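# When you get a sec, could you give me coordinates for this:
(one chain, ligands or ions: 1)
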Amino acid sequence: MKSKKLIIGNWKMYPVSIKDAKTRFVDIKKLASTLRNVQTVICPPFVHVSDLQKLVTGHRCTIGAQNAWIENDGAYTGEVSPLMLSSLKLTHVIVGHSERRAIGESDELVNKKVLAGIKAGITVVLCVGEKVRDQDGDYMKFISGQIRLALHGVQKKDLAKVVIAYEPVWAIGKHALRPASTDDALEVSILIKKTLSDLYGKEGMVVPILYGGSVDAKNAWEFLMKSQVDGLLVGRASLDPKIFGEILMSAEKIK
Ligand code: PEP
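Residues are numbered from 1 along each chain as shown. Below you'll find the predicted structure:
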């Protein structure tokens, strides 16, 4: 798995209509299903998940979810369980995205979501990243702390079901302060590897590391080449099949 690039599209709360979602997904799948070196995962809003899942053919382009709850069933109004997602054969679930942390998701809750996702047999895409970069490098301790808390109780045998996405909050979305540089991403990719190695030894190296934050067709190749990452988590640009297709092609060219 680690030799293939993993490119995940986070569609956030777009598009509104299922017709539109299907058109975009079919368009993306047309290219993605031809790529040997890339695993593509599209994470649409929950209401579109089931319809899009029916359009999946093969393993190269699959559907994931943007969130899941910590229990498999129960009195949790408005929540969706990881078992429901794995029953639909979704491959991945994003956990701890900064937009969810911003509305109150704590490290403790993120940890429970990581454990619940793994238990349900779904690959968890754990998002970590600092809000600001300070001069003293405290953001490094912050990120490593987020990883340690989120992976508490995760065993070595579970690591095949874990992906870590470095998403600096200041580089995400249309209000991004500035795009991260490939050096910014490289520094944290090395930190993540060091943290995984401290926690799990060399077995920690099976965990793919992604970069996310204002990735587009112009910078995707550079992040993949220069930042020691195994893939990308793409927000806005994943909604445009043409731009996302260019990102997928950049990943395909890297052996
Ligand atoms: C995201 O929301 O995960 C993200 C990376 O967004 P964008 O690519 O739009 O910055």
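# Quick check: which ranges of the stretch 1-150 of the chain have low pLDDT?
Scanning the stretch 1-150 of the chain with the threshold set as pLDDT under 70 gives 1-2.
# Now it against the ligand: closest residue?
Of all residues in the stretch 1-150 of the chain, Asn10 sits closest to the ligand, at 4.4 Å by C-beta to the nearest ligand atom. Where C-beta positions appear, they are placed from N, C-alpha and C, glycine not excepted.
# wait, isn't that residue in contact with Cys43?
Yes. Asn10 is within contact range of Cys43, at 5.1 Å (criterion: C-beta atoms under 8 Å).
# Please identify the residues of this structure in proximity to the ligand?
Contact residues (C-beta under 6 Å from any ligand atom) of the chain with the ligand: 10, 167, 172-173, 212-215, 233-237.
# Which parts of the protein are strands?
Secondary structure of the chain (DSSP state E): strands at 5-10, 38-43, 61-65, 92-95, 123-128, 162-166, 209-212, 231-234.
# Dump the ones you listed into a markdown table; add distance to Glu203 and mean neighbour count as well.
Shown next, in a markdown table, are these (distance: least, C-beta to C-beta, whole Å; neighbours: other C-beta atoms under 10 Å):
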| stretch | distance to Glu203 | mean neighbour count |
| --- | --- | --- |
| strand 5-10 | 19 | 26 |
| strand 38-43 | 21 | 25 |
| strand 61-65 | 24 | 24 |
| strand 92-95 | 21 | 27 |
| strand 123-128 | 16 | 26 |
| strand 162-166 | 11 | 26 |
| strand 209-212 | 15 | 28 |
| strand 231-234 | 20 | 27 |
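# Could you check those strands and tell me which one is nearest Lys141?
Judged by C-beta to C-beta, the one of those that comes nearest to Lys141 is strand 123-128, at 12.2 Å.
# Could you tell me how far Asp199 is located from Lys156?
Residue 199: Leu, not Asp. 9 Å (C-beta to C-beta, to the nearest Å).
# And those two? Which one has more around it.
Leu199 (18 against 12; other C-beta atoms under 10 Å).
# Chain neighbours aside, what residue packs nearest to that one?
Closest residue to Leu199 apart from its sequence neighbours, by C-beta to C-beta, 6 or more residues apart in numbering: Leu151 at 6.4 Å.
# What count of nearby residues applies to the one you found?
By other C-beta under 10 Å, 25 other residues sit near Leu151.
# contacting residues for it?
Listed by C-beta atoms under 8 Å, 6 or more residues apart in numbering, the contact set of Leu151 reads Asn111, Val114, Leu126, Val162, Leu199.
# cool, Val114 as well?
Val95, Gly96, Val124, Leu126, Ala150, Leu151, Val154, Val162.
# Retrieve the pLDDT associated with the closest residue to the last one other than its chain neighbours.
For Val162, the nearest residue in space outside its immediate sequence neighbours is Val207; the separation is 5.1 Å by C-beta to C-beta, 6+ apart. In this prediction, Val207 carries a pLDDT score of 98.
# distance of Val207 from the ligand?
According to C-beta to the nearest ligand atom, to the nearest Å, Val207 stands 18 Å off from the ligand.
# How about the contacts made by that residue?
Neighbour list for Val207: Leu159, Val162, Val163, Ile164, Leu196 [criterion: C-beta under 8 Å, 6+ apart].
# now for those, which pair is the farthest apart?
Val163 and Leu196 (11.6 Å).
# about what we covered before: farthest-apart pair in the contacts of Val114, please.
The largest separation in those, counting by C-beta to C-beta, is between Gly96 and Val154 at 13.2 Å.
# higher neighbour count, the two?
The residue with more neighbours, out of Gly96 and Val154, is Gly96; 27 against 20, by other C-beta under 10 Å.
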